[in-house]
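K.L.:
make a model of this:
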Amino acid sequence: MTKSTHRIFLIGLMGSGKTTIGKIVAKKLHFTFMDSDVLIEEKTGVKVPLIFEYEGEEGFRKREASCLIELVTKNDMVLATGGGMVLSRDNRELLAQSGSVIYLKAHTDELARRLANDKSRPLLQHVDVKQKLKELLESREVLYESCADYIIQTKNKRAVDIADEIITTLRCHEDH
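P.N.:
Have a look, this model is predicted:
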C-alpha cells in the first residue's frame with residue numbers, strides 16, 4: 001500500500017455502514033480500526049448524545065476536530081468518521097491530505113430503515129427520521145463528494161462485498 005492508503009477514512013451519513021465496513025477492511029488489511037465517535041466517548045467518559053445535550057452540536061464538532069488531528073498521524077489505520085466530520089473545511093482538508101477518503105454513499109430509504117429504532121443518534125431524536133436524513137444528505141452530499149477520493153455505492157450490497165470493493169479500488173489505483 002502507498003503512503004496515502006496507509007490511512008483510510010470512511011465518510012458518509014450515519015447508518016451508511018462506516019463502522020461495520022471499516023472493521024472488515026481493517027481486518028483484511030491487518031490495519032487498526034478506529035471510530036471517531038467511540039474515541040470521543042472514551043476520552044470524555046460519556047456517550048455522544050450526552051455531549052450533544054450539554055455542549056450542543058458545536059461542542060461535539062470541536063471535540064471531533066481535535067480527535068481527527070490526533071488520528072491523522074497514525075499509520076495502517078481505517079477510521080470511521082462521524083457523519084458530520086465533513087462539516088468543517090479544516091476537517092475536509094485534513095482528511096484529503098492525510099489518506100484515502102472513501103465516501104460510502106447510501107440511499108435515504110436504506111438509511112431510514114437501518115436507523116428507524118436507533119435511539120443513540122442525537123440528530124434523529126423527535127423528528128421524522130427519513131425526512132431528517134434527506135435534509136442531512138442534501139446539505140452534506142456536496143461536502144462528502146468534494147473530499148472523497150472514491151465514492152462507493154452501498155445499495156443492495158453486503159458489507160463484506162463493499163469492503164472488498166474498497167480494497168480492490170485502492171489497490172487498483174496505487175498501481176497507476
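
K.L.:
distance check, the residue lying closest to Glu110 once chain neighbours are set aside against Asp109.
P.N.:
Residue nearest to Glu110 in three dimensions, not counting chain neighbours: Lys155, with 6.1 Å by Cβ to Cβ, 6 or more residues apart in numbering. C-beta coordinates here come from the backbone N, C-alpha and C atoms, glycine included. In this structure, Lys155 and Asp109 are 9 Å apart, going by Cβ to Cβ, to the nearest Å.

K.L.:
neighbour count: these two, which is higher?
P.N.:
Asp109 (12 against 9; other Cβ atoms under 10 Å).

K.L.:
and Phe9, helix, strand or coil?
P.N.:
Here Phe9 is strand, with the state taken from DSSP: H, G, I helix; E, B strand; the rest coil.

K.L.:
residues near it, how many?
P.N.:
Neighbours around Phe9, by other Cβ under 10 Å: 29.

K.L.:
and it, how far is that from Asp37?
P.N.:
Counting by Cβ to Cβ, the gap from Phe9 to Asp37 is 14 Å.

K.L.:
test my guess that Met34 contacts Asp76.
P.N.:
No - using Cβ atoms under 8 Å, Met34 is not in contact with Asp76, being 11.0 Å away.

K.L.:
neighbour count: the two, which is higher?
P.N.:
Using other Cβ under 10 Å as the criterion, Met34 and Asp76 rank with Met34 on top: 17 against 14.

K.L.:
that's a strand at that one, yeah?
P.N.:
Yes - counting by three-state DSSP, Met34 is located in a strand.

K.L.:
need the pLDDT of it.
P.N.:
On pLDDT, Met34 comes in at 96.

K.L.:
try Met1
P.N.:
For Met1, the pLDDT comes out at 44.

K.L.:
so what's the gap between the lowest-mean-pLDDT helix or strand in the chain and the chain middle?
P.N.:
In the chain, no helix or strand scores lower on mean pLDDT, DSSP states H and E than helix 108-115, which sits at a mean of 74. Distance of helix 108-115 from the chain centroid (Cα atoms, centre = their mean, to the nearest Å) equals 16 Å.
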